[in-house]
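In: Sharing a sequence plus its predicted fold:
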Amino acid sequence: YQAVNYQTLSQLDRKSIKIDGDRTTELDFKHLHPSLMYEMLGIRFEKDVYTLDLDYDEIFDTEDGISGVDYAKVLRDLGKQVLLRMINNSSKPRCYVSVTNLLLEDEELENPFKKYPNLYTDKYNVAKMLVNELEKLHFELAPYFYQEMSLALMAQDSDILMVILSECMNKGIVALPLHDSVSVKETDKEVVLKIMEDAYNSMMGSKLNCKIEEK
């Protein structure tokens, strides 16, 4: 009987999960969907896919910044959410609206957005700026933008995860699936890392952008 669904726990709380009384670690594919798209093109992307090279003053309506705000993290969080919307929307104008709503509603973003709702100078223009900057950063992915690719990519990452779980079962390893990551015993980490890499390679035909991090 499972009193709590482990998949609903925060990342911090998931660190307390134990398997057969042993400590666990969470192994996660980094930025899997952008990686899959680059993999399909046969292109290795070396940079962080979500990091934008933008001047804070162009976006944030503050001269001296807000105490305690990590603006680099703020921009990366924005980059991640915007790129996901570029992949999921059916047109660029729809994407602009979706990103504008993100900035207005702030449901997917962490602080300081909830605490400082007027952080942005002009939300629609900020949305356009973010989308256009990500288009320039990922110009090779242009054929995949605004094509509602998310479902196809989710099917691919699900197939990869099923291969991982099946191979772990074959080896007698307990692996708890968490979206595109798995939680396993720390003592099984090295074996599972190899299983994850092999599963990615077998499904995609290469592993140019296969990056796995331990959380």
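Out: Looks like it arrived, so ask away. Because the structure is a prediction, the values reported are computed rather than measured.
In: does residue 127 really touch residue 99, like I thought?
Out: Yes: counting by Cβ atoms under 8 Å, residue 127 sits close enough to residue 99 to count as a contact (3.7 Å). C-beta here means a position set from N, CA and C on the backbone, and glycine is covered the same way.
In: Overlap of the contact sets of these two?
Out: Between them, residue 127 and residue 99 have residue 82 as joint contacts when contacts are counted by Cβ atoms under 8 Å, 6 or more residues apart in numbering.
In: report the longest helix in this structure, please.
Out: Identified as the longest helix of the chain according to DSSP state H is helix 150-170.
In: May I ask which helix or strand encompasses residue 25?
Out: Of the helices and strands defined by DSSP states H and E, residue 25 is found in strand 22-29.
In: Following the chain onward from that strand, which element is next?
Out: Under the assignment DSSP H and E, the closest C-terminal helix or strand after strand 22-29 is helix 32-41.
In: got the residue ranges for the helices in the protein?
Out: In chain order, the chain shows helices spanning 11-14, 32-41, 56-59, 71-88, 92-105, 123-137, 150-170, 189-204, with DSSP H as the criterion.
In: Give me the helix or strand of the protein that scores worst on average pLDDT.
Out: The weakest-scoring helix or strand in the chain, judged by mean pLDDT, DSSP states H and E, is helix 56-59 (a mean of 69).
In: circling back to that earlier point, the longest helix of the chain - what's its average pLDDT?
Out: Confidence over helix 150-170, taken as the mean pLDDT, stands at 96.
In: Could you list the low-confidence segments of this structure?
Out: For the chain, residues meeting the criterion pLDDT under 70 lie at 1-4, 57-58, 60-68, 106-121.
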